[in-house]
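Asks: When you get a sec, could you give me coordinates for this:
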Amino acid sequence: MSKKGKVLVAMSGGIDSSVAAMMLHEQGYEVIGITMKTWDYNSSGTGKRETGCCSLDSINDARSMAVNFGFPHYILDIRGEFGEFIINNFVEEYLAGRTPNPCVLCNTHIKWDALLKRADMLDCEFIATGHYARIREENGRRIISKGIDETKDQTYVLWGLGQDSLKRTMLPLGGFRKTEIKDMARQAGFHDLANKSESYDICFVPDNDYRAFLKHRRPELEAQVEGGDYFFKGKKVGKHRGYPFYTIGQRKGLDIALGAPVFVKEIIPETNTVVLGDKDDLQENHMMVRDYNLIKYERLPEDFTALTKIRYKDAGTPATINVIEDKLDVIFHQPVNGVAPGQSAVFYEGDDLVGDACANHIPCFSLF
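Replies: Numbering: from 1, shown residues only. Down below sits the predicted model:
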């Protein structure tokens, strides 16, 4: 066994996880690669050829990398547990009028748990992934901080990890920029890998059409919800296609003309109602979040100020945060647009991930 230790590396077949495995191998760790099969496109009803992290090509690419460097590689089929938890949650959240965040739930409840379980079975001390983020130890706690390449930073989807998981997690790419990772792949002779296109879709919604996915999973849904009412400024202004097919802040695809741009402001499942508003109507100064997970601090200081992101690509807004019983009270220093129940609220102190509130089967946000 290597003096540095044994590490189980999650390998999707893409450039990031492949280079992460290569780096750890070259640093002297005893590497074992594992590719998790979470989904197959036959179940999505799209009829499309598999691409991305769950495709046969990606699995073969991961295995080829392992063979090239001489370390073992395994395939782990977790389609059952992935479908039961992630996909069922995805559907139920939309039916509840919320906007789910499946990647956060998958990392927290499926991938990390699966990796740690198999790491124990294979006597691995550590697990590793190709996420662009960094982990350090400070005051006895493991702290996640942004990767140096802010254009690729993935801390937003890692907020649900607990201290026990973080103690065993390695993130080799956090100190590098994407351009450097591509250069490493080319220098190692993996030109195809360096030029491989990346997918930003949800893995089980390959065409990024969640409405078609919902209809496939619930064939009766469209007939049940079609023809609900649009409301604007307290008045009925038209009919929509069904409340699950809309998200807070949506502007395109509303199929209604009111003389000025309008957005989805609120979704009311009980009455199949979609409330529209103008841009100012989307602004919020205050929210309550629950099911939070603190990373940097064991307890949050009173009147704590943090940059708060309410979606993955959000630049963030300063906010004052206080703990009230089992919730976090968040007061924004300036109004924010499009707070969507079901998404994650993630808090930063500089580059450090302070904590966050999970997108779960209950509303992430309770708005005042």
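Asks: domains for this structure, by residue range?
Replies: According to automatic domain parsing, the chain comprises the domains 6-194, 224-277, 283-367.
Asks: gap between the last one and the chain center?
Replies: Centroid separation between domain 283-367 and its chain, computed with CA atoms, centre = their mean, to the nearest Å, is 16 Å.
Asks: Could you do the shortest one as well?
Replies: Averaging C-alpha coordinates over domain 224-277 and over its chain gives two centres that are 26 Å apart (CA atoms, centre = their mean).
Asks: Now do the strands in the stretch 201-350 of the chain.
Replies: For the stretch 201-350 of the chain, the strands defined by DSSP state E, counting those that start in this stretch cover 229-232, 235-239, 263-268, 273-277, 283-290, 292-294, 304-309, 317-324, 327-337, 345-349.
Asks: Now do the buried residues in the third one.
Replies: Pointing back at strand 263-268 there. Phe263, Val264, Lys265, Glu266, Ile267 (16 or more other CB atoms under 10 Å). Every residue, glycine included, has its C-beta placed from N, CA and C.
Asks: any idea how far Val104 is from the residue lying closest to the third one once chain neighbours are set aside?
Replies: By the measure of CB to CB, 6 or more residues apart in numbering, the closest residue to Lys265 outside its immediate chain neighbours is Gly277, 3.6 Å from it. Plainly put, Gly277 is 27 Å away from Val104 if you go by CB to CB, to the nearest Å.
Asks: So these two - more neighbours on which side?
Replies: Neighbour tally, Gly277 and Val104, criterion other CB atoms under 10 Å: the higher count belongs to Val104, 22 against 16.
Asks: Which pLDDT value belongs to the residue nearest to Lys265?
Replies: Looking at Gly277, its pLDDT reads 95.
Asks: next one: the one 10 residues further on
Replies: At Met287, the model reports a pLDDT of 91.
Asks: on that earlier part again, could I get the domains of the chain as TSV with distance to Phe213?
Replies: Formatted as TSV, the domains of the chain follow (distance: least, CB to CB, whole Å):
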stretch	distance to Phe213
domain 6-194	6
domain 224-277	11
domain 283-367	16
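Asks: Of all those, which one is nearest Arg217?
Replies: domain 6-194 (5.3 Å; CB to CB).
Asks: ends of the closest one, how far apart?
Replies: Using CA to CA, to the nearest Å, the end-to-end distance of domain 6-194 comes to 26 Å.
Asks: circling back: who's the residue nearest to Lys265 bridged to?
Replies: Phe263 (DSSP bridges).
Asks: swap in Ile268?
Replies: Per DSSP bridges, the residues bridged to Ile268 are Thr273.
Asks: Isn't it up against Tyr243?
Replies: Yes - applying CB atoms under 8 Å, one finds Ile268 in contact with Tyr243, separated by 7.2 Å.
Asks: what is in contact with these two at once?
Replies: With CB atoms under 8 Å, 6 or more residues apart in numbering applied, the overlap between the contact sets of Ile268 and Tyr243 consists of Gly97, Val274.
Asks: ok, how many other residues are close to the residue nearest to Gly338 when sequence neighbours are not counted?
Replies: Nearest residue to Gly338, sequence neighbours excluded (CB to CB, 6+ apart): Gly249, at 3.2 Å. Using other CB under 10 Å, Gly249 has 16 neighbouring residues.
Asks: From Asn337, how far off is Gly249?
Replies: Distance, Gly249 to Asn337, using CB to CB: 7 Å.
Asks: intersection of neighbour lists for these two?
Replies: Contact with both Gly249 and Asn337 is made by residues Leu282, according to CB under 8 Å, 6+ apart.
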